[in-house]
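A predicted structure for the sequence below; I have some questions about it.
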Amino acid sequence: MTQVFWIAATVLIIFALGFVLYPVMFHRRGARQQTDLRNQNLLAYRSRMAELEKEHQAGIIDKEAYRQLREELAGAMLDDVPDNEAPSKAVPGRKSAVAVALFSILLIPAATVLLYEEWGAMDSVESFVAMQELGSSDDARATQMSELTLQLRARLEASPDNPDGWAMLGQTYMRLERYDDAAWAFRKLADNVSSDDGSRAVALGLSAQAQFFGSQGAMTEEVTSAIEEARALNPDEVNSLGLLGIHAFSRGNYREAIRYWERVQTVAPDHPQLASIQGGIKEAYTRLGEQPPAETPAFSAPDDSAGGVGVTVRVTLDEAFKQDIPDDTTLFLFARAANTQSGPPLAVVRLTASALPIEVRLDDSHAMAPQAVISGAEKVVVTARLTRSGNINAQAGDWQGSTDSPIEVSEDQGSPVVLVIDQQLID
């Protein structure tokens, strides 16, 4: 695209030179104009003489009138075209015209390039091109996407005053599951919209979300700090509220999770993942052993509002471990995309060992965040983990089991896939 830009610029420069050089090189000189006038007069004289000859032969005019008219016409011709006039051999101004032409050929292209370097926006043009190409990328072009991401990052670091570019870069890093880089890009976005508290709060919330994903769902000091910064600018920043709800839910603080998620519903009724949020609220009420309030807007949609796309598993515990695991041991059941085992899960359910054996449908209602949902994956690997620590991250001593092969994500809610917790983690 940069080559196309310079080709177009070159064509325009050539056009500009044409406008300048044509009148200089091809102007009609006075001598040439005088010659043209003399030739026109001669043609007029010969034409009139031919007419007089025809009129005399036809008897329209007599011999005396014919002679008199010829003499008058010849006299007029001598006045218009003197016999002693000769074309001038000198070409005044020719050398200066050539000098002007050469000067223009050198000056116009050089001035164009220098002035564009000074006042142009090539960095913005190249950033825009990289953004357009990134926007058309897909999973099958991951390598090309990585290269384009490097190009866009370099352009933005050279010319950082481009909020749209930073937002695109952060979103691309999220798709590539490069969460630390995504958090950095969203932080840069926050720095470039500092005059707009609302936009800065959103950027900080996105940065917190990226760090949360990078920590695999742990509420680290960095995540907490970014959330606090975002909510200091806007207490109702939806990304921060969503993360706080997820964290509260994972710790069993269902009432607090409901409070955060219901606030998201109130301030962002058109949220793109509203169905997932509503599903989370419903699940939290279920964990509390309560029925959702009838007037709660979250449940005005049908029961399948979460989408229905997902996987169904039946989780059991190996007989060898049943005597070793107390009923109050935390049970995490989560699904990750089959092509990666890093980043946040696409769906998470928290239960206790007392619920085993259990059949669970993992769908978008169990998503940790709007950007990572199970309906966006083709196949997933489901893992069940029993832990005394209550932390979703694997630790020595936890009991775990995973599906033997990836499960296809679909709307089919037929026979569940069997998952057995049959190993204990050593380190």
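Good, I have the coordinates. What you see is a predicted model; the values in this text were computed from it and never measured.

What ranges does the protein have for its helices?
2-25, 30-57, 63-80, 94-119, 122-135, 142-158, 163-175, 179-192, 197-214, 221-233, 238-250, 254-267, 274-287 (DSSP state H).

mean pLDDT lowest for which of those?
With a mean of 52, helix 122-135 has the lowest mean pLDDT of the helices of the chain.

Identify the residue spatially nearest to Glu378, adjacent ones excluded.
Once flanking residues are discounted, Glu378 sits nearest to Val409: 6.2 Å by CB to CB, 6 or more residues apart in numbering. Heads up, the C-betas are built off the backbone N, CA and C, glycines and all.

quick one: pLDDT of that neighbour?
On the pLDDT scale, Val409 gets 91.

Give me the neighbour count for it.
Residues near Val409, counting by other CB atoms under 10 Å, number 23.

again, but for Val238
For Val238, using other CB under 10 Å, the count is 22.

Hmm, it is touching Asp270, no?
No - the pair Val238 / Asp270 is not scored as a contact, 10.8 Å apart, by CB atoms under 8 Å.

residues contacting Ala218?
Phe212, Asn391, Ile392, Asn393 (CB atoms under 8 Å, 6 or more residues apart in numbering).

switch the cut-off to 10 Å
Gln211, Phe212, His247, Ser250, Asn391, Ile392, Asn393 (CB atoms under 10 Å, 6 or more residues apart in numbering).

And for the fifth one, nearest residue in space, chain neighbours not counted?
The one in question is Asn391. In space, and not counting its chain neighbours, Asn391 is closest to Ala218: 7.6 Å by CB to CB, 6+ apart.

gap between the residue nearest to Glu378 and Leu356?
Using CB to CB, to the nearest Å, one gets 24 Å for the distance from Val409 to Leu356.

Pro163 now?
Here Pro163 is placed at a distance of 49 Å from Leu356 (CB to CB).

Ala50 now?
From Ala50 to Leu356 the distance is 121 Å (CB to CB).

Have a look at those two and say which one is more surrounded.
Between Ala50 and Leu356, Leu356 has the larger neighbour count (other CB under 10 Å), namely 18 against 10.

The more buried one reaches Glu319, doesn't it?
No - judged on CB atoms under 10 Å, Leu356 makes no contact with Glu319 at a distance of 11.6 Å.

Could you pick out the buried ones from the contacts of Ala218?
Gln211, Phe212, His247, Ser250, Asn391, Ile392 (16 or more other CB atoms under 10 Å).

Looking at these, which is nearest Phe334?
When the buried ones among the contacts of Ala218 are ranked by distance to Phe334 (CB to CB), Ile392 comes first, at 7.3 Å.

ok, back up a step: and the contacts of Ala218, which two are the farthest apart?
Farthest pair in those, by CB to CB: Gln211 and Asn391, 17.1 Å.

end to end, how far does stretch 241-257 reach?
For stretch 241-257, the separation between the terminal residues is 9 Å (CA to CA, to the nearest Å).

So which bits of that stretch are buried?
So, applying 16+ other CB under 10 Å, buried residues of stretch 241-257: 241-250, 253-254, 256-257.

And stretch 338-352, by the same measure?
Ala338, Gly343, Pro344, Pro345, Leu346, Ala347, Val348, Val349, Arg350, Leu351.

go on, stretch 218-231?
Neighbour-count burial for stretch 218-231 flags Met219, Glu222, Val223, Thr224, Ala226, Ile227, Glu229, Ala230, Arg231 (criterion: 16+ other CB under 10 Å).

mind checking how far the residue nearest to Asn391 is from Asp364?
Distance, Ala218 to Asp364, by CB to CB: 22 Å.

how many neighbours does Thr361 have?
Let me fix one detail, which is that residue 361 is Arg and not Thr. 16.

per the record, what domains does the protein have?
Per the record, the chain has its domains at 2-82+93-119, 122-304, 308-424, by automatic domain parsing.

I'd assumed Glu237 was in contact with Tyr260.
No - counting by CB under 10 Å, Tyr260 sits too far from Glu237 to count as a contact (11.3 Å).

Need the residues touching each of those two.
Contacts common to Tyr260 and Glu237, judged by CB under 10 Å, 6+ apart, are Leu243.

Pull the contacting residues for Ser402.
Counting by CB under 10 Å, 6+ apart, Ser402 touches Arg336, Gln341, Val381, Val382, Thr383, Ala384, Arg385, Leu419, Val420, Ile421, Asp422, Gln423.

Please name whichever of those scores lowest on pLDDT.
Ranking the contacts of Ser402 by pLDDT, Gln341 lands last with 63.

From Val223, how far off is Gln211?
5 Å.

what sits in contact with each of those two?
Ala183, Leu243.

Excluding sequence neighbours, find me the nearest residue to Thr403.
Thr403 sits nearest to Val382 (CB to CB, 6+ apart), 4.9 Å away.

For the one you found, grab the count of nearby residues.
Val382 has 25 nearby residues by other CB under 10 Å.

what's it in contact with, if anything?
311-313, 315, 333-336, 345-347, 360, 362, 374, 401-403, 406-407, 417, 419.

Any of those buried? List them.
311-313, 315, 333-336, 345-347, 360, 362, 374, 401-403, 406-407, 419.

measure the closest residue to Ala190 other than its chain neighbours to Leu233 for me?
Spatial nearest neighbour of Ala190, excluding adjacent residues (CB to CB, 6+ apart): Ala203 at 3.7 Å. Per CB to CB, Ala203 is found 10 Å from Leu233.

Of those two, which one has the most company?
Using other CB under 10 Å, the more surrounded residue of Ala203 and Leu233 is Ala203, with 31 against 18.
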